[in-house]
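[1] the following block contains a protein sequence and its predicted model.
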Amino acid sequence: MNAVDKSAIRNASTVIALRNRMDDPHVLMGQRGSKAAFMPNKFVFPGGAVDPDDATIPLARALPALCAKRLTEDCNADIGHALAAAAIRELWEETGLILGAPGEWPAKAPRDWAGFAAQGFMPSAHALQFVFRAITPPGRPRRFDARFFLIDADEIASDLDDFSGACDELSHLQWIPLARAREFDLPFITEVVLAEISARAQDTSPPASVPFFRNNDEESLFLRLQGKSPLD
């Protein structure tokens, strides 16, 4: 396996799961370890970098068309499928929760997906709503081009309080009242995303435009993605 270029900006997916969103919204978060290279000790949403296998993973249902369209904007290739699969995989790996539909895989699942497939589910992306995008600023030990996906916890197929299948990357996994989430030790971008989510917690439709916090060596810009794709 080739070593990861730590200076490169890696595509990544993050999942914001909302529970009881209409009455008493709670958001799923966990704490990164004190020795983590990226955002140590911070409370974050489940998420991580896209793996090469994610682009080939079969999906029981695809992303909503509007979200797939937004994901192609300001992007050199259509990687929506890989981003959606990565979101589902990271949610499974870091929390043990399953976003999928019962079914058999058409072929043997890749190693990182073997545990998911063994539960008798295929990943399903229809509940993922693309709601935010942010690129890690220069100078950080890791840099990601992260797409944030909102899901309603009712779409999760497993027990919402059973984190026994989670890896050890996040500790203190818990459903935090949305109104209190910013009381925790959060990265700056997580605070920004939480403000966006709080404003649309009860809106169940995909957003017409998506905030994009773009950081590069020259400047930081806060843009909105509105579906104007170079792939058109």
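    Yep, that arrived.
[2] residue 221 - nearest residue in space that isn't next to it in sequence?
    Nearest residue to residue 221 in three dimensions, chain neighbours excluded: residue 214, at 4.9 Å (CB to CB, 6 or more residues apart in numbering). All C-beta atoms are positioned from the backbone trio N, CA, C, and that covers glycine.
[3] next helix or strand past the helix or strand where the one you found lies?
    Using DSSP states H and E, residue 214 sits within strand 210-215. Next helix or strand after strand 210-215 toward the C-terminus (DSSP H and E): strand 220-225.
[4] tell me which residues in that next one are buried?
    The neighbour-count check on strand 220-225 (16 or more other CB atoms under 10 Å) flags residue 225 as buried.
[5] related to what we said a few turns ago, so the strand holding residue 214 versus strand 220-225, what angle?
    For strand 210-215 against strand 220-225, the angle between stretch directions is 160 degrees (axes from the mean of the first three to the mean of the last three CA atoms, to 10 degrees).
[6] which of the helices and strands in the protein ranks last by mean pLDDT?
    Taking mean pLDDT, DSSP states H and E as the measure, the helix or strand of the chain with the lowest value is strand 220-225, at a mean of 80.
[7] point out where this protein drops to low pLDDT.
    For the chain, the stretches with pLDDT under 70 are 1-7, 37-38, 217-219, 227-232.
[8] what segments of it are strands?
    For the chain, the strands defined by DSSP state E occupy 9-19, 26-32, 43-44, 47-49, 100-102, 121-123, 129-135, 143-152, 170-177, 210-215, 220-225.
[9] which secondary structure elements does the longest one sit against?
    In terms of contact count using 3 or more CB pairs under 8 Å, 6 or more residues apart in numbering; DSSP states H and E, strand 9-19 is assigned the packing partners strand 26-32, strand 47-49, helix 80-95, strand 143-152, helix 188-199.
[10] before we move on, the earlier item: wait, isn't the residue nearest to residue 221 in contact with residue 189?
    No - the criterion here is CB atoms under 8 Å, and residue 214 misses it with residue 189 at 11.9 Å.
[11] just to revisit the earlier point, could the helices and strands packed on strand 9-19 go into CSV alongside distance to residue 133 and mean neighbour count?
    Shown next, in CSV, are the helices and strands packed on strand 9-19 (distance: least, CB to CB, whole Å; neighbours: other CB atoms under 10 Å):
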stretch, distance to residue 133, mean neighbour count
strand 26-32, 19, 22
strand 47-49, 13, 19
helix 80-95, 10, 25
strand 143-152, 5, 23
helix 188-199, 10, 17
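[12] in JSON lines, list those along with distance to residue 177.
    Output for the helices and strands packed on strand 9-19, formatted as JSON lines (distance: least, CB to CB, whole Å):
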{"stretch": "strand 26-32", "distance to residue 177": "6"}
{"stretch": "strand 47-49", "distance to residue 177": "21"}
{"stretch": "helix 80-95", "distance to residue 177": "18"}
{"stretch": "strand 143-152", "distance to residue 177": "16"}
{"stretch": "helix 188-199", "distance to residue 177": "11"}
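[13] quick one: which of those is nearest residue 127?
    strand 143-152 (4.9 Å; CB to CB).
[14] what lines up beside the closest one in the sheet?
    Next to strand 143-152 in the sheet, as set by DSSP bridges, lie strand 9-19 (parallel), strand 129-135 (antiparallel).
[15] hmm, who's touching it?
    The contact list for strand 143-152, computed with CB atoms under 8 Å, 6 or more residues apart in numbering, reads 7-18, 21, 45, 47, 49, 67, 71, 83-84, 87, 99, 127-137, 193, 197, 204.
[16] mean neighbour count and distance to residue 59 for the strands paired with strand 143-152 - can I get that in a markdown table?
    Shown next, in a markdown table, are these (neighbours: other CB atoms under 10 Å; distance: least, CB to CB, whole Å):
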| stretch | mean neighbour count | distance to residue 59 |
| --- | --- | --- |
| strand 9-19 | 22 | 14 |
| strand 129-135 | 23 | 15 |
